[in-house]
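1. what shape does this take:
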Amino acid sequence: MPFTKWLTEKLSAVGWHSYSNENSRKKILDSAVARYKDEKYALYELEQKTLDLIEVFALSKLAAWNYNRRIIKIFRTVQNKPASVVYYNHKNLRLSSTDIGHLLSACELVDEMHAMNLDKIGPGILSAIVLHGGASTMASDDGGKSILENLIDIPVDSKSMGRLEELAIFNKMMCFPVVLDDKAYSLSALKDLDKEHVIMFKARLDTKSLELADANGRVRRINETLEYVYHRFTILRQEQIRVVEQLEDVIEEKTDYREFTPKEKTLFSYALALLFALRKLAKTDIINSNGNISVLNYTRIRDVLAQSQDLIPEEELKKEQAKMKNY
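-> Sure thing, here's the model as predicted:
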């Protein structure tokens, strides 16, 4: 074989091997980066939807807490009422002075939050109210004030906060992994890696993609659960408003419980049952901490939903069951 032909073939083979190797590295990087980006942006879209739901649910809770003033006024106005009342399966319904104190404290807390501009997406208070319902009543480690009251005491510039800040707090509550900036996997920055290091980088990025995929699944379940709980909360709130308005009309004419008709007494009992059901629903933690992972509080959520089921009008219950049959 002539030397020139032999040399040409050898150089061509070396060139092809170099091209093939470069092309292989690019494909490995492209696939790893594309997968991570897909999971990253899917999580972002899901979380935006969840933040919208957190906002409306939290504001609905705050409105319900503030509504307690009207219920307390009715309760204090009605004279000669029994120590406790019964509404079907809801027994021993009573408002003690301690209960009234807690309800009024919640009203004051709502007023304080509004005055400090904390009842909006940004400072993280709304996420705390929705995901950790017990924060409104559970005492912090130092005792005395509730966790929510201590959160409100922390000075923050709430006016400069928005969705990004709330999202960061939500991610912290959910123990989600840190999301990498685009620069961390820029292809131009990775082009000089040899194949061995490219494979190592791919393995690490694939692991982070799996972590984001897990986060995606958890946010999806949280979203579905929040939709269900918020739907139930809304139905109970509508019933509460309707019943309270009727009772306010009743006490304009008479305030002695002994003069109430059977229907009016049932209405009074129903109002208390709704109050306690809404309180339980509002105080239920949507997520629990399990080590360094936040998980859905399935058992408690289902228990509270089951307890309030017989307070819903039958036609609304059928609609709810049809809508949420896969929950």
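2. give me the neighbour count for residue 78.
-> The number of residues packed near residue 78 is 18, by other CB atoms under 10 Å. Every residue, glycine included, has its C-beta placed from N, CA and C.
3. so it sits right up against residue 258, yeah?
-> No: using CB atoms under 8 Å as the test, residue 78 is too far from residue 258 to be in contact (10.2 Å).
4. for the stretch 1-150 of the chain, which residues score under the pLDDT cut-off?
-> By pLDDT under 70, the weakly predicted segments of the stretch 1-150 of the chain are 1-23, 136-144.
5. check the gap between the most centrally placed residue in the chain and residue 204 for me.
-> Residue closest to the mean C-alpha point of the chain, counted by CA atoms, centre = their mean, is residue 131 at 4.3 Å. Distance from residue 131 to residue 204, counting by CB to CB, to the nearest Å: 30 Å.
6. so what's the residue nearest to the centre of the chain up against?
-> The contact partners of residue 131, taken as CB atoms under 8 Å, 6 or more residues apart in numbering, are 54, 170, 173, 222, 285-287.
7. next: residue 67.
-> Contacts of residue 67 by CB under 8 Å, 6+ apart are 240-241, 244.
8. derive a ChimeraX selection command for the buried subset of those residues.
-> Paste this into ChimeraX to select the buried members of the contacts of residue 67, with burial taken from 16 or more other CB atoms under 10 Å:
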select :240,244
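9. just the ones in helices from the contacts of residue 67, please.
-> 240-241, 244 (DSSP state H).
10. quick check, nearest of these to residue 280?
-> Nearest to residue 280 among the ones in helices among the contacts of residue 67: residue 240, at 13.4 Å, using CB to CB.
11. distance of that closest one from residue 273?
-> 10 Å.
12. got it, and residue 264?
-> Counting by CB to CB, the gap from residue 264 to residue 273 is 15 Å.
13. higher neighbour count, the two?
-> Shown here are residue 264 and residue 273; by other CB under 10 Å, residue 273 has more neighbours (26 against 19).
14. what residues are up against that one?
-> 87-88, 90, 93, 311.
15. residue 116 now?
-> By CB under 8 Å, 6+ apart, the neighbours of residue 116 are 152, 158.
16. how about residue 251?
-> Counted by CB under 8 Å, 6+ apart, residue 251 has contacts 74, 77-78.
17. in helices only, show me these.
-> Per DSSP H, those map to helices at 74, 77.
18. looking at the contacts of residue 251, which is nearest residue 295?
-> residue 74 (39.5 Å).
19. just the pLDDT for the closest residue to the closest one other than its chain neighbours.
-> Among residues not flanking residue 74 along the chain, residue 247 sits closest, at 5.2 Å (CB to CB, 6 or more residues apart in numbering). Listed pLDDT for residue 247 reads 96.
20. now residue 247: how far from residue 126?
-> For residue 247, the distance to residue 126 - CB to CB - is 30 Å.
21. got it, and residue 177?
-> Applying CB to CB to residue 177 and residue 126 gives a distance of 23 Å.
22. and these two? Which one has more around it.
-> Higher neighbour count among residue 177 and residue 126: residue 126, with 26 against 14, using other CB under 10 Å.
23. tell me which helix or strand that one sits in.
-> helix 125-131 (DSSP states H and E).
24. could you say what helices and strands the helix or strand just after that helix packs with?
-> Downstream of helix 125-131, the next assigned helix or strand under DSSP H and E is helix 147-153. The contact analysis (3 or more CB pairs under 8 Å, 6 or more residues apart in numbering; DSSP states H and E) places helix 147-153 against helix 97-115, helix 125-131.
25. in the first one, which residues are buried?
-> For helix 97-115, the neighbour count (16+ other CB under 10 Å) marks 99, 102-103, 105-107, 109-110, 113 as buried.
26. same check on stretch 211-230?
-> Going by 16+ other CB under 10 Å, stretch 211-230 has these buried residues: 212-213, 215-216, 218-219, 222-223, 225-230.
27. phi and psi next, for residue 92.
-> Per-residue torsions, residue 92: phi 50, psi 50 (degrees, to the nearest 10).
28. ok, it - contacts?
-> 84, 86.
29. if we go to 6 Å?
-> residue 84 (CB atoms under 6 Å, 6 or more residues apart in numbering).
30. helices of the stretch 151-300 of the chain, residue ranges please.
-> 163-173, 187-190, 195-253, 262-283, 298-308 (DSSP state H, counting those that start in this stretch).
31. check the ones you listed for me and report the most buried one.
-> Most buried of these, by mean neighbour count (mean count of other CB atoms under 10 Å): helix 262-283, with a mean of 20.
32. got the angle between that one and helix 195-253?
-> 160 degrees (axes from the mean of the first three to the mean of the last three CA atoms, to 10 degrees).
33. distance from helix 262-283 to the middle of the chain?
-> The chain centre lies 25 Å from the centre of helix 262-283; the measure is CA atoms, centre = their mean, to the nearest Å.
34. no more questions from me, cheers.
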